[in-house]
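Undergrad: Predicted coordinates and the sequence they were generated for:
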Amino acid sequence: MKKKIAIAMGGFSSEYRISINSGNMVYENLDRNKYEPYRVHILQNEWFVVAHDDTPYPINKNDFTVKMGTEIIKFDCVFNTIHGTPGENGLLQAYLELLNIPQTAANHYQSALTFNKRDLISVLKPYGIKSAKNYFLNKEDAINPDEIIKKVGLPCFVKANRAGSSFGITKVKQKNELYRAAQNAFQEDDEAIIESFLDGTEVSVGVITYNREIIALPVTEIVSENEFFDYEAKYLGKSQEITPARISEKDTKKVQEIAKLIYKKLKMKGFTRSEFIFHNGEPHFIEMNTTPGLSQASILPQQAAKAGISLQDLYGSAIEASLV
């Protein structure tokens, strides 16, 4: 019997449109001989299944079922493609865990940890993972530009601590720009992280569990037309994403091993994509994404293709791993 798969997409953040694209990509590429996919939109005020004729059917939040006609659909697995809250920060995972419904992304604790850049960097330090110098700021804190610059220098990046897809990020070159940059970050989150500028080659490394084995995918080099890999660069064609990256075989293996180490030490599952900058010849960790984009413009599907993994096999493997 075919497994009923809820493809969760949407979310409550600025990333919901990107998530819809990712979810539709999964929906279009799942093997119909094995799976019966359903497009599940999870939005701030309503959760519903979009039927083949685009009719919405409300989800019963008490048990995550949906009534379509006379049939009540119970899902065997949730394919989580939500970027941001609640699918990337652990809330959806915790809810589904209470209902004993498998889902494809990292578990709730790992998701909450990796979504918090500040906490993740702190947890990884004992494993020798290099990162930028950083300064943490809460919304209610007084902004002391001299203290910030003494810690991280100029230029620096001001980011929302818990946000993705480069929302709420500013490259700051002068002291008088810090206040406005912080307010931009606080539009997305009430915590900000300020990081020193790392000059070097930026790369992205996908790590997945594929056929029950943890593997690192081919490395992608990011070359942004803008000053950094911002929203326009990621989604509006303002960057080159070169796979495999134009780095040495030694550096490729080094950054892949670090990405796999992080995956294993954090007890991850599903798909992850970690970002690094080679600064002074060493990979410095930037962040990890546990529900990476899966649309046509996204990096991880490009990496899988270079590894000879079809989208159908990539997505199916995630489902099978979650059902074990």
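TA: Looks like it arrived, so ask away.
Undergrad: Dump the strand or helix carrying residue 240 to PDB, restricted to CA.
TA: Using DSSP states H and E, residue 240 maps to strand 239-242. Only the C-alpha atoms of strand 239-242 are listed here, as PDB (Å, rounded to 0.1, in the frame of the first residue of the first chain):
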ATOM      1  CA  SER A 239      25.000  35.000  -7.800                       C
ATOM      2  CA  GLN A 240      27.000  32.100  -9.300                       C
ATOM      3  CA  GLU A 241      26.700  28.800  -7.600                       C
ATOM      4  CA  ILE A 242      29.600  26.700  -8.900                       C
END
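Undergrad: partner strands of that strand, parallel or antiparallel?
TA: Counting by DSSP bridges, the strands paired with strand 239-242 are strand 220-224 (antiparallel).
Undergrad: Compute the number of surrounding residues for residue 119.
TA: Counted with other C-beta atoms under 10 Å, the neighbours of residue 119 add up to 15. C-beta coordinates here come from the backbone N, C-alpha and C atoms, glycine included.
Undergrad: what does residue 162 give?
TA: 23.
Undergrad: and whichever helix or strand comes after the strand holding residue 240, what's its mean pLDDT?
TA: Sequence-wise, the next helix or strand downstream of strand 239-242 (DSSP H and E) is helix 249-265. Mean pLDDT, helix 249-265: 98.
Undergrad: Counting by contacts, list what helix 249-265 packs against.
TA: Here helix 249-265 touches strand 200-210, strand 213-216, strand 271-279, strand 282-289, going by 3 or more C-beta pairs under 8 Å, 6 or more residues apart in numbering; DSSP states H and E.
Undergrad: and of those, who's closest to residue 128?
TA: When those are compared by C-beta to C-beta, strand 282-289 sits nearest residue 128, at 10.5 Å.
Undergrad: picking up where we left off before, list the buried residues for the strand holding residue 240?
TA: Using 16 or more other C-beta atoms under 10 Å as the test for burial, strand 239-242 gives 239, 241.
Undergrad: quick one: average pLDDT of it?
TA: Mean predicted lDDT for strand 239-242 stands at 87.
Undergrad: now the stretch 201-324 of the chain, which segments are flagged as low pLDDT?
TA: 226-238 (pLDDT under 70).
Undergrad: quick one: residue 10 and residue 113, what's the gap?
TA: From residue 10 across to residue 113, the span is 23 Å (C-beta to C-beta, to the nearest Å).
Undergrad: between those two, which one's more packed in?
TA: The neighbour comparison of residue 10 against residue 113 (other C-beta under 10 Å) goes to residue 10, with 26 against 19.
Undergrad: So the more buried one sits against residue 42, correct?
TA: Yes. Taking C-beta atoms under 8 Å as the definition, residue 10 is a contact partner of residue 42 at 4.8 Å.
Undergrad: any shared contact partners between the two?
TA: Common contacts of residue 10 and residue 42 (C-beta atoms under 8 Å, 6 or more residues apart in numbering): residue 82.
Undergrad: Low-confidence ranges, the stretch 1-150 of the chain, go.
TA: For the stretch 1-150 of the chain, applying pLDDT under 70 flags no range at all.
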